[in-house]
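Visitor: Model the following, please.
(one chain, ligands or ions: 1)
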Amino acid sequence: MKKIVFVCLGNICRSPMAEFVMKSLTDSLKIESRATSDWEHGNPIHQGTQAIFRKYGIAYDRGKTSQQISARDFADFDCIIGMDEANIRDLKRMAPAEYQDKICQFGESGVPDPWYTGDFDETYELVLAGCRQWLERLNG
Ligand code: 4NP
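Guide: Residues are numbered from 1 along each chain as shown. Down below sits the predicted model:
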């Protein structure tokens, strides 16, 4: 089974949203999420993202906490998906040379950070559309 990881700055808003939306769409991938930073390490999924899960009936792990991407993750995952351009820059800086090609941006224009925009509904629309595209790309 292919292993993918969604990565954002804090791993409390966008990447966990993508993780559990994608899990709701498929059982055929191993899916996790991580942060580029350690700023939110150990903290739970943001209330705004949890509210989206409840609004759309998306199952999620209430015990999920923020975890920074590790050297081992770069080796383990087949596909490392950054949620915006800054995440991609940080991931390319962090990843060993041999794993640079695993790093891809989630969507063409990236997913704006609801930590700053406050608009978790916009995030959800972009995450759902992006996850559907990734599913086609990975399974097609
Ligand atoms: P995320 O959002 O990267 O989508 O999880 C953020 C979460 C926390 C911070 C920034 C963005 N922060 O500055 O702590």
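
Visitor: List the contacts of Arg34.
Guide: Arg34 is in contact with Val5, Phe6, Val7, Asn11, Ser15, Gln67, Gln68, Ile69, Ser70, Asp73, counting by CB atoms under 8 Å, 6 or more residues apart in numbering. Every C-beta, even on glycine, is put in place using the N, C-alpha and C of the backbone.

Visitor: now do 10 Å
Guide: Each residue near Arg34 by CB atoms under 10 Å, 6 or more residues apart in numbering is listed here: 5-8, 11, 15-16, 19, 66-70, 73, 77, 80, 91.

Visitor: For it, grab phi and psi.
Guide: phi -150, psi 170 (degrees, to the nearest 10).

Visitor: now Lys3
Guide: phi -110, psi 120.

Visitor: Return the alpha-carbon coordinates of the helix or strand hosting Glu32 using PDB.
Guide: Using DSSP states H and E, Glu32 sits in strand 29-35. Extracted in PDB, the C-alpha atoms of strand 29-35 (Å, rounded to 0.1, in the frame of the first residue of the first chain):
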ATOM      1  CA  LEU A  29      -3.600   4.300   1.000                       C
ATOM      2  CA  LYS A  30      -1.700   4.600   4.300                       C
ATOM      3  CA  ILE A  31      -2.300   8.300   5.300                       C
ATOM      4  CA  GLU A  32      -0.700  10.400   8.000                       C
ATOM      5  CA  SER A  33       0.000  14.100   8.600                       C
ATOM      6  CA  ARG A  34       3.000  16.200  10.000                       C
ATOM      7  CA  ALA A  35       4.200  19.700  10.600                       C
END
